[in-house]
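Q: please work out how this folds:
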Amino acid sequence: MKRSTIRLTSVFLLLFVFVGVGLVSAQDNTLNLLFWQAPSSMNTYLAGGTKEIFAASLVLEPLAKYDQNGALVPALVDEIPTVDNGGVSSDLMTITWKLKKGLVWSDGTPVTAADAVFTWQYCTDPDAACVQSPHFKDVTNVEAVDAQTIKVTFGVAKPFPYGPFVGGESPLIQKAQFADCMGAAALQCTDQNFNPIGTGPFKVIDFRANDVISFDANPNYRDAAAGKPFFQHVVLKGGGDAQSAARAVLETSEADYAWNTQVDPTVLAQMVAEGNGTTQSAFGTQVERIVLNQTNADPSLDADHRSVWQADGSNAHPFLTNPAVYKALSMAIDRNVIAEQVYGPAGKPTCNILPGPAIYASTNNDSCLKQDIAGANALLDKAGIVDTNGDGVRELNGVPLHVLYQTSTNPLRQANQALIKQWWSQIGVDSELKNTDASVFFGADPASPDTYGKFYADVEMYTNNFPGTDPETYMAGFSCAQVPLPATNFAGNNVGRWCNPAYDALVAKMAQTSKLEDRGAIAIQMNDMIVQNGAVIPLIWRASVSAVSNRIQGFVMNPWDSEEWNIADWTAASS
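A: Okay, here's the model as predicted:
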């Protein structure tokens, strides 16, 4: 018999064994995920978009995660360190973690404390352009006490010491794999960034940037003996749009899960009525916002000056830093209309960049909840910002109030743009609308002119969030140190280039404050400073909304961490 005939016979025998006798079929064994914003990397530290963080969480894990209630739960450890159990020192200067015994990477080699030390060194290297560096704020040392014991030392008393190695944004990476990727070499390590070795339930088999990622179950996963993960293969398809992704789950049953289904609520309800799946949603910390570029985005400037922050203020935006302008832009927006017409139950109007938990939510900006076109016009008139040539556009120091308004491609965001353009035109501000494919807009390609981090526009709109319920690390992302620069390949969370030393002082103060009510008061001050100084115009407090097939059991929506936080527990309904 020819070899090809033998192979064909073997295939049919396997099909008989697995399908004919009623065991797990290939379809039951494969989990199909849709991310219409396609991941461009599997390295959480270099590509800080939500899509990359969620995709990477199938492979890379932190020491502890946040559950669906925002509570810390162990991942690579057996216990969360606290002052009471001795894991956090009484002076709040150190936290000590104990790795689970027998923990190995997907390649079978041991996970040790040295990997944590390396992860800290990797992200805090000044040439690394690590977008997650705020998680290591105030860390002065990470020490491998022994192979299983990690000691983190802070330069100040740290009432909330759960920044390093906690949550989907701060996982461990393997020292052996990334040893040659330190500093400026980090971005050049394509194989490592696309195919990281991890401890999670899956391992990467094939990565195609902005397209498809294929995973197999990790045979060395710590719970493999318990039959986890149930699915042996995962296919994560990227690209397209939110509506087609939702349809693939809810109407055509081509996929099991679609992340971030930003779809007209009426259309989404019609899809759900087909009976093939449901939408899962929860309010966490997501805020759709407009970021105002504090620097000059004029395309005539060279690469070292266009949208580049200068400490002496010499490259300030010609009008967006003017208080009358940024206040008028916010006053002209009807957030209630956006919430009702665009988001439905999945959106609430907000005046804050930090809408919750409740202890951190300011009420000092609530005037924005009522649109005031007349007031906005009066404010601009009083400031002498008027239309001098009758073309309908006001000028400041001879510069027309014309803004390039960019965002990612999505029907809801384009609806927002259209509404806001109309309202801004009523106060003499002209808007040119631009939308870019989400995979590019939220990508990390330093050569692309269209990323939200490079910010070659006047204003841009997007949303982000933070893991857990404590906002210390997130709010530190608005500090001067987080301003993207050419030298860092435009990595940094402070994409608006807003720099305020008084704000940085509050960041330092919060890091040393222990009482929850005091931390809440500081967070409110920080929120108000961002909003009232025109760094950001908050629009909508958005719920996380994803589509899940009826075939999937065990999915638990989590607005506080990666939505794939418990993917090892997902099973097929027919199992």
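Q: burial of Asn85, as a residue count?
A: Other residues within reach of Asn85, judged by other CB atoms under 10 Å, total 9. In this view, the C-beta of every residue, glycine as well, is placed from N, C-alpha and C.
Q: ok, which stretches of the stretch 151-300 of the chain are helices?
A: Residue ranges of the helices in the stretch 151-300 of the chain, as given by DSSP state H, counting those that start in this stretch, are 175-178, 190-194, 242-250, 265-272.
Q: which other residues reach the first one?
A: For helix 175-178, contacts defined as CB atoms under 8 Å, 6 or more residues apart in numbering pick out Thr109, Ala114, Asp115, Val117, Phe118, Thr119, Tyr122, Cys189, Gln192, Pro196, Ile197.
Q: and what of the longest one?
A: For helix 242-250, the surrounding residues in contact (CB under 8 Å, 6+ apart) are 34-36, 254-264, 267-268, 271-272, 274, 276-277, 279, 410-412, 547-549.
Q: select only the buried ones of these in ChimeraX?
A: Entered in ChimeraX, the line below selects the buried ones among those, by 16 or more other CB atoms under 10 Å:
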select :34,35,36,255,256,257,258,259,260,261,262,263,264,268,271,272,276,277,279,410,412,547,548,549
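Q: from the contacts of helix 242-250, which land in strands?
A: Leu34, Phe35, Tyr257, Ala258, Trp259, Gly277, Thr279, Ala547, Val548, Ser549 (DSSP state E).
Q: save these as a markdown table, and put in distance to Leu354 and pLDDT too.
A: Formatted as a markdown table, the ones in strands among the contacts of helix 242-250 follow (distance: CB to CB, whole Å; pLDDT from 0 to 100):
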| residue | distance to Leu354 | pLDDT |
| --- | --- | --- |
| Leu34 | 30 | 97 |
| Phe35 | 26 | 96 |
| Tyr257 | 29 | 98 |
| Ala258 | 28 | 98 |
| Trp259 | 23 | 96 |
| Gly277 | 32 | 97 |
| Thr279 | 26 | 96 |
| Ala547 | 28 | 97 |
| Val548 | 28 | 98 |
| Ser549 | 34 | 98 |
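Q: ok, the contacts of helix 175-178 vs Tyr45, which is closest?
A: Using CB to CB, Tyr122 comes nearest to Tyr45 of these, at 6.9 Å.
Q: wasn't that closest one part of a strand?
A: No. If the criterion is DSSP: H, G, I helix; E, B strand; the rest coil, then Tyr122 is helix and not within a strand.
Q: which ones are touching it?
A: Tyr122 touches Tyr45, Ala128, Cys130, Ile173, Phe178, Cys181, Met182, Ala186, counting by CB under 8 Å, 6+ apart.
Q: now do Val11, the pLDDT please.
A: On pLDDT, Val11 comes in at 34.
Q: repeat for the one 10 residues further on
A: Confidence per residue is given as pLDDT, and for Val21 that number is 32.
Q: now do Val17
A: For Val17, the pLDDT comes out at 31.
Q: what's the answer for Ala245, then?
A: 96.
Q: now Leu8
A: Note on Leu8: pLDDT of 33.
Q: one more: Gly48?
A: 63.
Q: also the one 3 residues further on?
A: Reading off the confidence values, Lys51 has pLDDT 93.
Q: contact partners for the closest residue in space to it that isn't next to it in sequence?
A: Nearest residue to Lys51 in three dimensions, chain neighbours excluded: Gln37, at 4.5 Å (CB to CB, 6 or more residues apart in numbering). Taking CB under 8 Å, 6+ apart, we find Gln37 in contact with Gly49, Thr50, Lys51, Gly238, Trp259, Asn260, Ser408, Ala438, Ser439, Phe442.
Q: check Val386 too.
A: Leu380, Arg394, Glu395, Gly428.
Q: ok, it to Arg394 distance?
A: 6 Å (CB to CB, to the nearest Å).
Q: just Asn533 next, same as before
A: In this view, Asn533 and Arg394 are 21 Å apart by CB to CB.
Q: on the three-state scheme, Glu140 is what?
A: For residue 140 the amino acid is Thr, not Glu. strand.
Q: doesn't Lys151 make contact with it?
A: No. Using CB atoms under 8 Å, Thr140 makes no contact with Lys151, being 11.3 Å away.
Q: who's more crowded, these two?
A: Under the criterion of other CB under 10 Å, the comparison of Thr140 against Lys151 puts Lys151 first, with 19 against 12.
Q: okay, now the unreliable bits of the stretch 301-450 of the chain?
A: Judged against pLDDT under 70, the stretch 301-450 of the chain has no low-scoring part.
Q: ranges for the helices of it?
A: Going by DSSP H, counting those that start in this stretch, the stretch 301-450 of the chain shows helices at 323-331, 335-338, 373-382, 411-425, 438-441.
Q: still on that earlier bit, from the contacts of Val386, which single one is nearest Gln525?
A: Nearest to Gln525 among the contacts of Val386 is Leu380, at 27.9 Å by CB to CB.
Q: residues contacting the closest one?
A: Taking CB under 8 Å, 6+ apart as the test, what Leu380 contacts is Ala324, Val325, Ala328, Val386, Arg394, Ile427, Gly428.
Q: can I get the longest helix along the chain as PDB, trimmed to CA atoms?
A: Ranked by residue count and defined by DSSP state H, the top helix of the chain is helix 516-532. Extracted in PDB, the C-alpha atoms of helix 516-532 (Å, rounded to 0.1, in the frame of the first residue of the first chain):
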ATOM      1  CA  LEU A 516      -9.200  54.600  51.300                       C
ATOM      2  CA  GLU A 517     -11.300  57.800  51.800                       C
ATOM      3  CA  ASP A 518      -8.100  59.900  51.500                       C
ATOM      4  CA  ARG A 519      -7.100  58.100  48.300                       C
ATOM      5  CA  GLY A 520     -10.600  58.700  47.000                       C
ATOM      6  CA  ALA A 521     -10.200  62.500  47.700                       C
ATOM      7  CA  ILE A 522      -6.800  62.600  45.900                       C
ATOM      8  CA  ALA A 523      -8.200  60.700  42.900                       C
ATOM      9  CA  ILE A 524     -11.000  63.200  42.600                       C
ATOM     10  CA  GLN A 525      -8.500  66.100  42.700                       C
ATOM     11  CA  MET A 526      -6.500  64.400  39.900                       C
ATOM     12  CA  ASN A 527      -9.600  63.700  37.800                       C
ATOM     13  CA  ASP A 528     -10.800  67.300  38.200                       C
ATOM     14  CA  MET A 529      -7.300  68.700  37.200                       C
ATOM     15  CA  ILE A 530      -7.300  66.600  34.000                       C
ATOM     16  CA  VAL A 531     -10.800  67.600  33.000                       C
ATOM     17  CA  GLN A 532     -10.800  71.200  34.100                       C
END
